[in-house]
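**Q** sequence-free structure coming up:
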Ligand SMILES: Cc1cc2nc3c(=O)[nH]c(=O)nc-3n(C[C@H](O)[C@H](O)[C@H](O)COP(=O)(O)OP(=O)(O)OC[C@H]3O[C@@H](n4cnc5c(N)ncnc54)[C@H](O)[C@@H]3O)c2cc1C
């Protein structure tokens with residue numbers, strides 16, 4: 001067996017944490033660095049549905065599936081698709097589904113609980129350079145350390161990616177604006193019935209509204225708009241009133257998802273890497289998750305990040321880890337290319353019919369009942 005490398009994992013998102021859990025469980029040495037000052041330094045955002053072959057399989061491989069099931073919401077897998085006129089085009093109650101939802105914060109908590117004291121918080125990587133056969137990491141807090149192998153799990157704006165490729169994220173042509181409806185069942189019962197148990201999607205052209213039911217009757221609403229942004233450019237700030245202008249002639253019940261939300265509006269400019277991009281393998285640096293294959297959100301990014309991490313752990317724990325990591329990179333990037341191409345099509349598609357087809361609906365089933373869907 002090759003000598004086991006001194007490994008650094010940079011980034012404690014889903015990818016970095018799952019990899020660390022696997023290495024910890026296998027008794028392999030590693031150091032995990034995270035830019036956030038502490039576990040509770042920032043809110044973790046919305047919910048994720050974990051898929052059997054990727055996210056769920058990765059958690060199983062780390063012995064965390066039972067912990068996941070304690071938080072998983074099998075009852076919130078439903079999907080409703082509307083057009084802008086409020087006609088219900090598709091309704092799937094999700095009862096037959098195997099993509100349970102989990103809030104990001106709960107996922108992070110269960111991964112962190114398996115890694116007591118192992119995260120080096122407050123370590124924002126500033127610079128990574130190749131020195132002899134090692135990688136030198138310089139952090140914002142002044143710490144400098146060297147490793148044999150560094151895993152970049154540092155997300156969309158990875159600082160480690162530049163050691164492997166010149167490719168940079170490009171704006172995907174849309175930005176999402178996130179709003180919140182707190183305590184929806186009591187405070188907004190009609191909207192609660194409209195959203196149902198899962199995700200509501202309403203679409204016209206390149207404009208889309210998503211409403212996702214999170215834990216504790218908290219619904220996150222995302223208004224998706226076409227935009228043109230340059231590299232790294234922030235999306236312009238928009239108020240609820242601005243957003244309502246963009247959806248001015250939509251059905252009143254759909255507009256209420258914006259009108260009745262809280263005042264805070266968080267922009268998410270959506271960036272992506274070219275789906276076909278690859279890098280020339282180096283034995284000292286590798287990437288997983290968004291650092292490797294950033295794509296528009298379409299329900300796959302966190303799932304792939306978890307699966308990448310599980311597969312990389314298998315490779316690192318194998319007899320010839322050098323060769324196994326190289327093979328893993330090829331498999332990972334081929335898998336991500338397919339998902340990235342379909343995510344880009346899905347999110348920027350101009351056509352409601354395309355979305356209906358992807359969700360498994362039948363255009364002949366287009367309903368004629370406008371909004372105010374009764375509660376089940
Ligand atoms: C609005 C939105 C909705 C989404 N919805 C879904 C969904 O429903 N389902 C799904 O599967 N995916 C979804 N995604 C995608 C998903 O969030 C990502 O694919 C996933 O979080 C990637 O995990 P990761 O661990 O690779 O990166 P990240 O989650 O980005 O984690 C990276 C970590 O690295 C840390 N870090 C960054 N830079 C440094 C540095 N220089 N030094 C040290 N640490 C650093 C960060 O603080 C962070 O903790 C969505 C994305 C967005 C934007």
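**A** Everything's here; your move. If you're wondering where the values come from, they're calculated on a predicted model, not measured in any experiment. Residues are numbered from 1 along each chain as shown.
**Q** number of nearby residues for residue 131?
**A** A count of nearby residues for residue 131, using other CB atoms under 10 Å, gives 9. Bear in mind the C-beta positions are built from the backbone N, C-alpha and C, glycine included.
**Q** so what's it up against?
**A** By CB atoms under 8 Å, 6 or more residues apart in numbering, the contact list for residue 131 reads residue 146.
**Q** Could you tell me which residues of the stretch 251-376 of the chain lie near the ligand?
**A** Residues of the stretch 251-376 of the chain lying close to the ligand by CB under 6 Å from any ligand atom are 268, 289-291, 297, 299-303, 305.
**Q** Highest neighbour count among these?
**A** Among those, the one with the most neighbours (other CB under 10 Å) is residue 289, at 32 neighbours.
**Q** do you know how far it is from residue 151?
**A** Separation of residue 289 from residue 151 (CB to CB, to the nearest Å) stands at 10 Å.
**Q** hey, what's in contact with both of the two?
**A** In contact with both residue 289 and residue 151: residue 16, using CB under 8 Å, 6+ apart.
**Q** among the residues of the stretch 251-376 of the chain next to the ligand, which are in strands?
**A** residue 268 (DSSP state E).
**Q** Could you provide the residues of the stretch 251-376 of the chain next to the ligand in a markdown table, with additional columns for pLDDT?
**A** Formatted as a markdown table, these follow (pLDDT from 0 to 100):
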| residue | pLDDT |
| --- | --- |
| 268 | 94 |
| 289 | 98 |
| 290 | 98 |
| 291 | 98 |
| 297 | 90 |
| 299 | 87 |
| 300 | 93 |
| 301 | 96 |
| 302 | 97 |
| 303 | 97 |
| 305 | 98 |
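**Q** so which pair among the residues of the stretch 251-376 of the chain next to the ligand is furthest apart in space?
**A** 291 and 299 (19.2 Å; CB to CB).
**Q** domain parsing for this protein?
**A** 7-73+100-168+273-348, 170-272+350-365 (automatic domain parsing).
**Q** can those go into JSON lines with extra columns for distance to residue 79?
**A** Listed next are these as JSON lines, based on distance: least, CB to CB, whole Å:
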{"stretch": "domain 7-73+100-168+273-348", "distance to residue 79": "10"}
{"stretch": "domain 170-272+350-365", "distance to residue 79": "5"}
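**Q** mean pLDDT lowest for which of the ones you listed?
**A** Ranked by mean pLDDT, the domains of the chain bottom out at domain 170-272+350-365, which scores a mean of 92.
**Q** distance between that one and the chain's centre?
**A** How far domain 170-272+350-365 lies from its chain's middle: 16 Å, per CA atoms, centre = their mean, to the nearest Å.
**Q** Nearest to residue 90, out of the domains of the chain?
**A** Across these, closest to residue 90 is domain 170-272+350-365 (CB to CB), at 3.7 Å.
**Q** gap between the nearest residue to residue 38 once chain neighbours are set aside and residue 291?
**A** Of all residues not flanking residue 38 in the chain, residue 121 sits nearest, at 5.3 Å (CB to CB, 6 or more residues apart in numbering). Residue 121 sits 19 Å away from residue 291, going by CB to CB.
**Q** can you check residue 53 too?
**A** 21 Å.
**Q** swap in residue 144?
**A** Taken as CB to CB, the span from residue 144 to residue 291 is 21 Å.
**Q** Can you list the residue ranges for strands in the stretch 151-300 of the chain?
**A** Ranges of strands in the stretch 151-300 of the chain, per DSSP state E, counting those that start in this stretch, are 170-181, 198-204, 207-213, 219-226, 266-272, 285-287.
**Q** Write out the residues of the stretch 1-150 of the chain neighbouring the ligand.
**A** Residues of the stretch 1-150 of the chain lying near the ligand (CB under 6 Å from any ligand atom): 10-16, 33-36, 48, 123-125.
**Q** now, which of these lie within strands?
**A** Per DSSP E, the subset of these in strands is 10, 33, 48, 125.
**Q** Scan those residues and report the most crowded one.
**A** With neighbours taken as other CB under 10 Å, the top of those is residue 10, carrying 30 neighbours.
**Q** contacting residues for that residue?
**A** Taking CB under 8 Å, 6+ apart, we find residue 10 in contact with 16, 33, 125, 137, 150-154, 159-160.
**Q** Swap in 6 Å and give it another go.
**A** Residues in contact with residue 10 (CB atoms under 6 Å, 6 or more residues apart in numbering) are 33, 125, 152, 154.
**Q** cool, and residue 315?
**A** Counting by CB under 6 Å, 6+ apart, residue 315 has contacts 324-325, 328.
**Q** Next, give phi and psi for it.
**A** Dihedral pair for residue 315: phi -60, psi -50, per degrees, to the nearest 10.
**Q** related to what we said a few turns ago, which one of the contacts of residue 10 is nearest to residue 75?
**A** Distance to residue 75, by CB to CB, is smallest for residue 154 among the contacts of residue 10, at 34.3 Å.
**Q** What number of residues are in the vicinity of the closest one?
**A** 29.
**Q** and what of the one 5 residues further on?
**A** For residue 159, the count of nearby residues is 20 (other CB under 10 Å).
**Q** so of the contacts of residue 315, which ones are in strands?
**A** Per DSSP E, the subset of the contacts of residue 315 in strands is empty.
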